[in-house]
Structure formats: C-alpha cells, structure tokens
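1. Any chance you could fold what I've pasted below:
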Amino acid sequence: MPFHLHLDENDLLRCRFALSPLWETQAAVRTLRHPGRHDYHQPWLRRIQDAAAGLDLGPLWSLMPEGGHNPDFLCPPPLGPYASFEEEIAGVRAIDPGLIREDLALTLADQPGALDSPAGQALLADPARALHELSALLEQAWRTLVEPDWPRLRALLEADIAYHSRRLAEVGFARLLGELSPQLRWTDSTLTLVGMRGRHSRVLGGQGLVLMPSVFAWPDVVSGYEPPWLPAVIYPARGIGGLWTEPADRTPQALARLLGRARADVLCALDEPAGTSALAHRLGLAPSSVSAHLSVLRATGLLTSRRYGHQVLYERTPTDDAEPARTAQRPRTSRAAARPMRYDRTTG
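-> Residues are numbered from 1 along each chain as shown. Down below sits the predicted model:
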C-alpha cells in the first residue's frame, strides 16, 4: 500500500536538500548484509571484503530487518546540508535514552520473538549502553567502509543535489519529485511513495521535508521517519553506474592521444559535476594539476563551472558530451529503472 506524506504551504517553503555520511554508513552496513541486491557496488564489496571481515556488524544487522520498523535514531536526518560524520554521530550520542528505548521497542516488536528474547530485553533494560555500543559500531563502520571513499561519494551526492536544485528552479516541485524516482508522485499537496509498507500516512505539520540522495540506498526510495525526527525522503543518487569505474576504463585512447592522458581522464571523469578536490582524489593527481587541466578545458568550451555551496563544480558542456561519442564507443552513466523498495525507515 502506498505511503503518503501530507504537506502544507509551510512544508513546501521548508523543503531542502541534504547529504548524510551517517546515512551512507548505515546503508553501507545494510549493503554488506544483502550484497546480491546491489550489483553496482560489487567492485566496492570486493575491495572492502577483508576489512569488513574484521567488523562485528551483528548488533547492527539485528536491527535492520527486511520487514518491520528500523530504528530512526541510527541515522536521523541531518540538521544541516553538509553535516560531517563527526557532527552527526555526536548528535546520535546525545539522543535521550528514553527515545532510544521507544525506537528499539518498535523494532523488536516487529520481529517474532525478539522483544522477549534475552538480547532484546538487554537492549531495553539499558538503552544508554545500547546507544553507546551501536554508535561505536557505526563509527568503526564509517572509518573502515565509507571514509576512504567519502571524497568520491560526496562528489557524486553534491553533484546530484546541484543538478536537482537546478531542476527544481526549472520545472517546480511536483515535476521534480517524479524525476527523483518513479516511486514518487505528487497530487493535491500529498507526496505518495509507491511500494512502501507499514505506516501509511504522516502529516508534516509545517516541519518541511528533507530530500537526501543516497549511493547505497539505490535503487530504493526510503522514508517513514517517526516524530520527533524530521520528515525525510531518501532517493537514489544519479550517476551510480560509473561510481566505481576507474578513469583509465572510461577514457577513449583516441581522446587521450588528442588531449593527453591526464587531461582526457579529467574530462571523462566528469560524467557528473565534480569539484577539483574530488577529481584529484578520484584520479590520483595533485589538485594543482587537476585545476590546471580544468582551466584549459573550460577555456576551450568543453567545460562550464558554477559555485555550489562551498566549492566550484565543473561539468561537461553539451558540445563536449556529443564529441566523445564520435571519437569512441564510451558507455554513458545512467540510472537504471528503480525497483519496488524492500525496506524503509518504518518498515525495514
């Protein structure tokens, strides 16, 4: 049954985009539990396999059921658009243990036998200790699984926000939602999420809505945060198809001969808008070298640049996107059609 979010005028005025390293961390943990569902992340899964084997993720996995409520306190929507992991995990550790207990009770009640099990009773008896242990596990998962690739992930998420912010100005809120995912529909001030289960309706009441792109949630749309958490919708980020592709794999040889290998790699790495630091990290080049290549490519009309937030993002021009297709057979990044969601923050 569809899930409905009812917005009024004040909610529309308070809609905003944000990204969350904490959300990506818990979603990465979930991806490890169900690796077969995430074909696009197979290169990442292979690379972090040994490091992940040293983590005891069982306590987190036990609170991530395929069906039923998932604890909101593990990844509440961020208060700001660019919160760091350190800021987010500090916020989690400051949550009232009473709220933690209520959230855990909802999760355990949706799993047969879990509420009365010794492990479940231990969680409920000392929610402060549970919070301490779970937040420590999330921090270990962040350091091991996500932080090494965060510049690459953040660049993709920021590019998605920049693109959809521009689309919001061009086409409006109602049409934008359909572009975020075919699971999102807007009718008569109501946002409907098709494929959701469990809780079927929430009135936002002027709090606004947080829209968050996600790498590891792909291809699902996720929502269902209960009060007092801010309402949020997490949607699949653009450009997942090329996320783990190395630059050498995407640069045509003819283009490398024409521009030089490093400059051609910079150009081909911009399947989605990105900043200098993210490109330098992705390509293994010095930021000064990347900056020089970007300046030349922009001067020749192959790139444009614009400021977004704290950085300048570069993207290929329509002319440049057309030319490589004539130069070589190069795959383009696209988002595959979304499948019906299998979990959300309310239902798992």
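2. what's the single longest helix in this structure?
-> In the chain, assigned by DSSP state H, the helix with the most residues is helix 150-171.
3. Show the secondary-structure elements that that one is packed against.
-> strand 16-17, helix 21-33, helix 173-180, strand 210-214, helix 276-283, strand 303-308, strand 311-316 (3 or more Cβ pairs under 8 Å, 6 or more residues apart in numbering; DSSP states H and E). C-beta: built from backbone N, CA, C; applies to glycine.
4. now Y235: how far from P219?
-> Using Cβ to Cβ, to the nearest Å, Y235 is found at 10 Å from P219.
5. Only alpha carbons, please: show the longest helix of the chain as CSV.
-> C-alpha atoms of helix 150-171 as CSV (Å, rounded to 0.1, in the frame of the first residue of the first chain):
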residue,chain,number,x,y,z
TRP,A,150,34.0,9.6,1.0
PRO,A,151,35.5,12.2,-1.3
ARG,A,152,34.2,10.2,-4.3
LEU,A,153,30.8,9.6,-2.7
ARG,A,154,30.4,13.1,-1.5
ALA,A,155,31.3,14.5,-5.0
LEU,A,156,28.5,12.3,-6.5
LEU,A,157,26.0,13.3,-3.9
GLU,A,158,26.8,17.0,-4.2
ALA,A,159,26.6,16.8,-7.9
ASP,A,160,23.1,15.2,-7.6
ILE,A,161,22.0,18.0,-5.3
ALA,A,162,23.3,20.7,-7.6
TYR,A,163,21.6,19.1,-10.6
HIS,A,164,18.2,18.6,-8.8
SER,A,165,18.4,22.1,-7.2
ARG,A,166,18.7,23.5,-10.7
ARG,A,167,15.8,21.3,-11.9
LEU,A,168,13.7,22.5,-9.1
ALA,A,169,14.1,26.0,-10.3
GLU,A,170,13.3,24.9,-13.9
VAL,A,171,10.4,22.6,-13.5
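6. Could I get the average pLDDT for it?
-> The average of the pLDDT scores along helix 150-171 is 88.
7. Return the set of buried residues in that helix.
-> Within helix 150-171, the residues that qualify as buried are 150-165, 168, counting by 16 or more other Cβ atoms under 10 Å.
8. ok so, going back, between the helices and strands packed on helix 150-171, which gets nearest to L55?
-> Relative to L55, the nearest member of those by Cβ to Cβ is helix 21-33, separated by 8.5 Å.
9. And the pLDDT for P118?
-> On pLDDT, P118 comes in at 90.
10. rewinding a little: which of Y235 and P219 has more neighbours?
-> Neighbours of Y235 and P219, each counted by other Cβ atoms under 10 Å, are more numerous for Y235; the result is 26 against 20.
11. Do I have it right that the more buried one meets L180?
-> Yes - judged on Cβ atoms under 8 Å, Y235 makes contact with L180 at a distance of 4.4 Å.
12. Identify the contacts common to these two.
-> L211, V221 (Cβ atoms under 8 Å, 6 or more residues apart in numbering).
13. how about the strands of the stretch 51-200 of the chain, start to end?
-> 184-187, 190-193 (DSSP state E, counting those that start in this stretch).
14. Please work out which of the ones you listed is packed deepest.
-> strand 190-193 (a mean of 19; mean count of other Cβ atoms under 10 Å).
15. Any regions of the stretch 1-150 of the chain where pLDDT drops low?
-> 1, 67 (pLDDT under 70).
16. let's see 80
-> Counting by pLDDT under 80, the stretch 1-150 of the chain has low-confidence residues at 1-2, 35-39, 66-68, 79-81.
17. Straight-line length of stretch 114-121, end to end?
-> Terminal residues of stretch 114-121 are spaced 8 Å apart (Cα to Cα, to the nearest Å).
18. Contacts for it, please.
-> S62, A105, T107, L108, A109.
19. Not counting sequence-adjacent ones, nearest residue to Q140?
-> Excluding the flanking residues, the one nearest Q140 by Cβ to Cβ, 6 or more residues apart in numbering is L55, at 5.9 Å.
20. Look up phi and psi at the one you found.
-> phi -100, psi 140 (degrees, to the nearest 10).
21. Could you report the neighbour count for it?
-> 17.
22. what sits against it?
-> Here L55 is in contact with L137, Q140, A141, T144, L145 (Cβ under 8 Å, 6+ apart).
23. Keeping just the C-alphas, turn stretch 298-317 into CSV.
-> Output of stretch 298-317 as CSV, limited to C-alpha atoms (Å, rounded to 0.1, in the frame of the first residue of the first chain):
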residue,chain,number,x,y,z
ARG,A,298,36.9,25.4,-19.6
ALA,A,299,38.8,27.9,-21.8
THR,A,300,38.2,25.6,-24.9
GLY,A,301,34.5,25.4,-24.2
LEU,A,302,34.5,21.8,-23.1
LEU,A,303,33.5,22.5,-19.5
THR,A,304,31.5,25.0,-17.6
SER,A,305,31.8,25.8,-13.9
ARG,A,306,29.5,27.2,-11.2
ARG,A,307,29.7,27.7,-7.5
TYR,A,308,27.6,25.4,-5.3
GLY,A,309,27.9,25.7,-1.5
HIS,A,310,31.5,25.7,-0.5
GLN,A,311,33.0,24.6,-3.8
VAL,A,312,33.1,25.2,-7.6
LEU,A,313,31.6,22.3,-9.6
TYR,A,314,32.7,21.6,-13.2
GLU,A,315,30.6,19.8,-15.8
ARG,A,316,30.9,19.0,-19.4
THR,A,317,29.1,21.2,-21.9
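24. how distant is that stretch from the center of its chain?
-> The chain centroid and the centroid of stretch 298-317 are separated by 23 Å, computed with Cα atoms, centre = their mean, to the nearest Å.
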